[in-house]
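1. Could you look at this predicted model? Sequence included:
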Amino acid sequence: MKRHTRTIALAALLSAVTAASAAPVLMSEEWARSACTAWNGQSELTTGLQESGWAANDKKRGYKSLQVSRKDCASSQKVELRITSKDGKAQCISGGLSTAKLDLDVDYAMTAETPRWVEMGKGEYGPMRAMMFGRLSFDGPMGEAMGNMGPFESFLLLVGKVPGDTATCPK
């Protein structure tokens, strides 16, 4: 009887550990917080977007927003990363649910079907091809984005670097 009890306890513990270490749902609030942290570890984003002047183009609000969503999860709230020029870098200062109306003169909104986010995150194709073939819907300052294609591609790859469960939609 003791062996059976220990087996059940071990199974329960293993289940709890597995659940605790499971990746957050892709483009959920928790995923956005992780993406914000990951952003700050990518010099292509922090340094590249600072040096190009991208981070400073915020209409003096103190931040730019990048809003992302999964097109096949239409009822899910959108998440955003807020980026600011801080300590000589384009740093992510928050990641979470989208709370403000975007100003598409300076902010970005990107939407794609989940399989397309996965493909872009793996580097199977970049932003130009994604937009040209309608795999990525994009709203925002197109000229600014075109001038920052390397960092833009790094952002799409970041989506693949931040673990995210694609089996369910964010709530």
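-> Now that the structure is in, tell me what you want to look at.
2. helix or strand right after the worst-scoring helix or strand of the chain on mean pLDDT?
-> When the helices and strands of the chain are scored by mean pLDDT, DSSP states H and E, helix 2-21 comes last with a mean of 44. Using DSSP states H and E, the helix or strand that follows helix 2-21 in sequence is helix 29-39.
3. Show me what that following helix is packed against.
-> strand 79-86, strand 89-97, helix 149-161 (3 or more CB pairs under 8 Å, 6 or more residues apart in numbering; DSSP states H and E). (Glycine included, C-beta is placed from N, CA and C.)
4. Please identify the most buried of those.
-> strand 79-86 (a mean of 23; mean count of other CB atoms under 10 Å).
5. quick one: average confidence on it?
-> Per-residue pLDDT over strand 79-86 has a mean of 97.
6. Ok, stretch 62-71 next?
-> 96.
7. what's the spacing between that stretch and its chain's center?
-> 8 Å (CA atoms, centre = their mean, to the nearest Å).
8. Now do that stretch: everything it contacts.
-> 26-27, 54-55, 57-58, 76, 78-84, 93, 98, 100, 102, 106-114, 117, 137, 155, 159, 169-170 (CB atoms under 8 Å, 6 or more residues apart in numbering).
9. ok, of those residues, which come out buried?
-> 26-27, 54-55, 57-58, 76, 78-84, 98, 102, 106-112, 114, 117, 155, 159, 169-170 (16 or more other CB atoms under 10 Å).
10. partner residues bridging residue 92?
-> residue 83 (DSSP bridges).
11. Please tell me I have it right and it contacts residue 83.
-> Yes - assessed by CB atoms under 8 Å, residue 92 is found in contact with residue 83 at 5.6 Å.
12. Find the residues that touch each one of those two.
-> With CB under 8 Å, 6+ apart, residue 92 and residue 83 have common neighbours residue 39.
13. that's a strand at residue 67, yeah?
-> Yes - under DSSP: H, G, I helix; E, B strand; the rest coil, residue 67 falls within a strand.
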